[in-house]
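S.K.: Need a 3D model of the sequence below.
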Amino acid sequence: MQIALTASLQGMQRASDRLAEAAAVIANPAQGAARAADPSPAPPAGDAGLTAAQASGEVERALADSILARRAYEANAKALEANARLQREAISRGA
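M.R.: Okay, here's the model as predicted:
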């Protein structure tokens, strides 16, 4: 069970790293937009005006990965707690 907790922690760290990398790319964007400029006077639609990094969805994916990793860690922690409680009950009953 300890392996599952360690793997969850590693998953949270990897997700955090991916989120930091994606945020850094957006913070320091390359020149150029994801789409060509729209010459019409209408407001931009969709991803127009966004950098390629912003339009890629990497930050959104990295954020979702970090949320999923945290939930996996929480689930594993609850399983460990339940297992410890069952062991304590078994020991207290003399089993």
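S.K.: continuing past the helix or strand bottoming out on mean pLDDT in the chain, what's the next helix or strand?
M.R.: Lowest on mean pLDDT, DSSP states H and E among the helices and strands of the chain sits helix 52-55, with a mean of 63. Next along the chain after helix 52-55, taking DSSP states H and E as the criterion, comes helix 58-92.
S.K.: List the buried residues of that next one.
M.R.: For helix 58-92, burial by neighbour count (16 or more other CB atoms under 10 Å) applies to 58-59, 62, 65-66, 69, 72-73, 76. To be clear about C-beta, it is placed using only N, CA and C from the backbone, and glycine gets the same treatment.
S.K.: so where's this structure uncertain?
M.R.: 1-2, 4-5, 29-55, 95 (pLDDT under 70).
S.K.: again, 90 this time
M.R.: For the chain, the stretches with pLDDT under 90 are 1-81, 83-84, 93-95.
S.K.: Show me what counts as buried in stretch 9-27.
M.R.: Result for stretch 9-27 [16+ other CB under 10 Å]: buried residues 11-12, 15, 18-19, 22, 25.
S.K.: In contact with the closest residue to residue 68 other than its chain neighbours, which residues are there?
M.R.: Nearest residue to residue 68, sequence neighbours excluded (CB to CB, 6 or more residues apart in numbering): residue 15, at 7.5 Å. Residues near residue 15 by CB atoms under 8 Å, 6 or more residues apart in numbering: 62, 65-66, 68-69.
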